[in-house]
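Novice: structure for the following, please:
(chains A, B, C and D)
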Number of protein chains: 2
Amino acid sequence: MQDTAASSQLNALKVACSACNLRELCLPVGLSDDEMSSLDNMVSTRRSVKRGESLFHSGDAFAALYAVRTGFFKTVVSATDGREQVTGFQMAGELIGLDGISNDRHSCDAVALEDSQVCLIPYGQLESLSREFTLLQHQFHKIMSREIVRDHGVMLLLGSMRAEERLAAFLLNLTQRLQARGFSASALVLRMTREEIGSYLGLKLETVSRTFSKFQDEGYLEVKQRDIRIIDQDALQRVVNGAGC
Amino acid sequence: MQDTAASSQLNALKVACSACNLRELCLPVGLSDDEMSSLDNMVSTRRSVKRGESLFHSGDAFAALYAVRTGFFKTVVSATDGREQVTGFQMAGELIGLDGISNDRHSCDAVALEDSQVCLIPYGQLESLSREFTLLQHQFHKIMSREIVRDHGVMLLLGSMRAEERLAAFLLNLTQRLQARGFSASALVLRMTREEIGSYLGLKLETVSRTFSKFQDEGYLEVKQRDIRIIDQDALQRVVNGAGC
DNA sequence: CGAGGCGTTGAGGAGGATCAACCTTCGTGG
DNA sequence: CCACGAAGGTTGATCCTCCTCAACGCCTCG
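Specialist: Residues are numbered from 1 along each chain as shown, chains lettered A, B, ... in the order given. Okay, the predicted model is just below:
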């Protein structure tokens, strides 16, 4: 039934947040040595998830949050009639599973788009620890709030932008996050299909493909399947700002 | 500059959560007597906001959350180019302002759609108190998580539903929340304009109006401006489930 | 080397946007 | 208390963006 349990391994290796190069992007931002070592105790397990596998499914019991260590995920909500919506793409340092707190069950699927590793953050322990450490508590609240603000931004995109604006905003957001992780601001490899991008942006895959081609024709991008090179970032920014009006 | 400060009054009246009829819908859900009385101390101020006025604006410093006591609000995010998106409508017992935690500034406007009263929840005190009281901490986390789940539902709506499905889902959601507050499941008065509904649903006001008319023609609703009577709730539910396909 | 998944491109159609006219309701001030 | 104006709501005609359906090419992986 649960393919995740079968095929993803649990690594008992000791993993220290304090030694992780993502600590400035992840939950531990700004913690003291003391707090950091408590966090190290809590975040003791990693889990590997192969491409295509799920970290959890909608309906699964909620027990832990997951911090992406390596790899790339999407989260997907499904309606009763089978309709699906990609609600986000998560990369290194980002937290997955916050949806589960609301009623102790996950309300979306989290699927690895490439072979990935996550750090397990047992939720009960996180609550205990944040009663003890003000900074950790505050940082955790910030992360939840940031997710809410991000979601509102996506609503703005879905509710009021046209196809070109949506794709441009998406690409700029991706490159910005990649840049924060030390990658190039101009060359990126998409980990998701056109259909997944379309689902996230409220467009059909053909529209995504056509819009990529259009951006290439305009000289904004170079598109080779999933390899994207951004040639004119300012032009994309102008597209987002509704320069077409 | 700040019209809110000028025209909304601060009521120093002692207001007890423990005596509030919204306590089962609001932050205090499930708290013990002890915890409840600490909450009473924290939530000591109410604020009145007249119709059309803002509780806070995007960019304002964040200091407190607000629990709607009476009335009705909308929250609106704005893009740099002036585009606006209504991200939610809040009624009695619902919390406003969670967006502000992320970076100590609000990222949306909260506007009263009728004369309203809110309870002020000073955020610093809420953090202190939730370090002390496990249940309060957990309840607060649940509320944030619920907002994230709600937002994902809106994304599904905006990304994959057609106009009729969106409006039907909207109406069912409204009546459900009103019913939880003891109101009729079939008769409701809309507190917002067609344009605000449209903004929330990613539609133009004309489309909202036409869809209302269509639902009326089909015999699902009786529409008299802002007075709505739901005649066939099941039919609306079928519309949401994509019965048109 | 073949099959299947993914991506591109074209043609045609539909849903919702836009523009416009008109009606209704409500608040304000004479 | 009524008249007026502004804001909100309805409806129609037309247009445009994006969806749908379809064919085909490319890349990957067994």
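Novice: which stretches in chain A count as strands?
Specialist: Here chain A has its strands, by DSSP state E, at A:10-11, A:46-49, A:54-56, A:64-78, A:84-91, A:95-96, A:109-122, A:187-189, A:221-224, A:227-230.
Novice: weakest of those strands by average pLDDT?
Specialist: The weakest mean pLDDT among the strands of chain A belongs to strand A:10-11, with a mean of 48.
Novice: which residues of chain A lie near DNA strand D?
Specialist: A:162-164, A:202-204, A:206-207, A:225 (CB under 7 Å from any atom of the strand). For glycine as for every other residue, the C-beta is placed from the backbone atoms N, C-alpha and C.
Novice: quick one: these as CSV, columns for neighbour count, distance to B:Arg47 and pLDDT too.
Specialist: CSV is the format used below for those (neighbours: other CB atoms under 10 Å in any protein chain shown; distance: CB to CB, whole Å; pLDDT from 0 to 100):
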residue, neighbour count, distance to B:Arg47, pLDDT
A:Arg162, 13, 39, 97
A:Ala163, 17, 42, 98
A:Glu164, 21, 43, 98
A:Gly202, 24, 37, 98
A:Leu203, 23, 42, 98
A:Lys204, 14, 46, 98
A:Glu206, 11, 50, 98
A:Thr207, 18, 46, 98
A:Gln225, 9, 55, 91
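Novice: now, the residues you listed that are in helices?
Specialist: A:163-164, A:206-207 (DSSP state H).
Novice: could you export those as TSV, including distance to chain B?
Specialist: Shown next, in TSV, are these (distance: CB to the nearest CB, whole Å):
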residue	distance to chain B
A:Ala163	13
A:Glu164	14
A:Glu206	16
A:Thr207	13
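Novice: state the pair within those that is farthest apart.
Specialist: Using CB to CB, these span at most 14.3 Å, a distance reached by A:Glu164 and A:Glu206.
Novice: about what we covered before: would you list the strands of chain A in JSON lines and tack on mean neighbour count and distance to B:Ala235?
Specialist: Shown next, in JSON lines, are those (neighbours: other CB atoms under 10 Å in any protein chain shown; distance: least, CB to CB, whole Å):
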{"stretch": "strand A:10-11", "mean neighbour count": "13", "distance to B:Ala235": "49"}
{"stretch": "strand A:46-49", "mean neighbour count": "20", "distance to B:Ala235": "43"}
{"stretch": "strand A:54-56", "mean neighbour count": "23", "distance to B:Ala235": "35"}
{"stretch": "strand A:64-78", "mean neighbour count": "22", "distance to B:Ala235": "23"}
{"stretch": "strand A:84-91", "mean neighbour count": "22", "distance to B:Ala235": "24"}
{"stretch": "strand A:95-96", "mean neighbour count": "22", "distance to B:Ala235": "38"}
{"stretch": "strand A:109-122", "mean neighbour count": "22", "distance to B:Ala235": "30"}
{"stretch": "strand A:187-189", "mean neighbour count": "14", "distance to B:Ala235": "47"}
{"stretch": "strand A:221-224", "mean neighbour count": "16", "distance to B:Ala235": "45"}
{"stretch": "strand A:227-230", "mean neighbour count": "16", "distance to B:Ala235": "46"}
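Novice: next, format the ones you listed as CSV and append distance to DNA strand C.
Specialist: Formatted as CSV, the strands of chain A follow (distance: least, CB to the nearest atom of the strand, whole Å):
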stretch, distance to DNA strand C
strand A:10-11, 27
strand A:46-49, 17
strand A:54-56, 15
strand A:64-78, 12
strand A:84-91, 13
strand A:95-96, 21
strand A:109-122, 10
strand A:187-189, 11
strand A:221-224, 5
strand A:227-230, 9
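Novice: okay, those in TSV with distance to B:Met144 next?
Specialist: Formatted as TSV, these follow (distance: least, CB to CB, whole Å):
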stretch	distance to B:Met144
strand A:10-11	29
strand A:46-49	25
strand A:54-56	19
strand A:64-78	13
strand A:84-91	16
strand A:95-96	13
strand A:109-122	16
strand A:187-189	31
strand A:221-224	37
strand A:227-230	34
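Novice: which one of these lies closest to B:Thr134?
Specialist: strand A:109-122 (15.5 Å).
Novice: quick one: distance of the closest one to the chain centre.
Specialist: Offset of strand A:109-122 from its chain centre (CA atoms, centre = their mean, to the nearest Å): 10 Å.
Novice: parallel or antiparallel, list what pairs with that strand.
Specialist: Note on strand A:109-122: by DSSP bridges, its sheet partners are strand A:46-49 (antiparallel), strand A:54-56 (antiparallel), strand A:64-78 (antiparallel).
Novice: tell me what angle that strand forms with strand A:84-91.
Specialist: 40 degrees (axes from the mean of the first three to the mean of the last three CA atoms, to 10 degrees).
Novice: distance of A:Thr193 from DNA strand C?
Specialist: Per CB to the nearest atom of the strand, to the nearest Å, A:Thr193 is found 3 Å from DNA strand C.
Novice: give me the distance between the residue most central in space within chain A and DNA strand D.
Specialist: Nearest to the mean C-alpha position of chain A, by CA atoms, centre = their mean, lies A:Gln90 at 1.3 Å. Distance, A:Gln90 to DNA strand D, using CB to the nearest atom of the strand: 22 Å.
Novice: wouldn't that residue be in contact with A:Cys108 here?
Specialist: No: between A:Gln90 and A:Cys108 there is no contact under CB atoms under 8 Å: 11.4 Å.
Novice: got any residues that touch both of those two?
Specialist: A:Thr75 (CB atoms under 8 Å, 6 or more residues apart in numbering or on different chains).
Novice: just to revisit the earlier point, Throw the strands paired with strand A:109-122 into a markdown table and include distance to A:Leu120, thanks.
Specialist: Compiled in a markdown table, the strands paired with strand A:109-122 are given as follows (distance: least, CB to CB, whole Å):
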| stretch | distance to A:Leu120 |
| --- | --- |
| strand A:46-49 | 6 |
| strand A:54-56 | 10 |
| strand A:64-78 | 5 |
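Novice: ok, which of the ones you listed comes nearest B:His57?
Specialist: B:His57 lies closest to strand A:64-78 among the strands paired with strand A:109-122, at 30.8 Å (CB to CB).
Novice: gap between that closest one and the chain center?
Specialist: 6 Å.
Novice: check stretch A:202-210 too.
Specialist: In this view, stretch A:202-210 has its centroid 21 Å away from the chain centroid, taken as CA atoms, centre = their mean.
Novice: neighbouring contacts of it?
Specialist: With CB under 8 Å, 6+ apart, stretch A:202-210 has contacts from A:158, A:163, A:166-167, A:193-195, A:197-198, A:201, A:211, B:158-160.
Novice: quick check: the gap between A:Ser213 and DNA strand D.
Specialist: A:Ser213 sits at a distance of 13 Å from DNA strand D (criterion: CB to the nearest atom of the strand).
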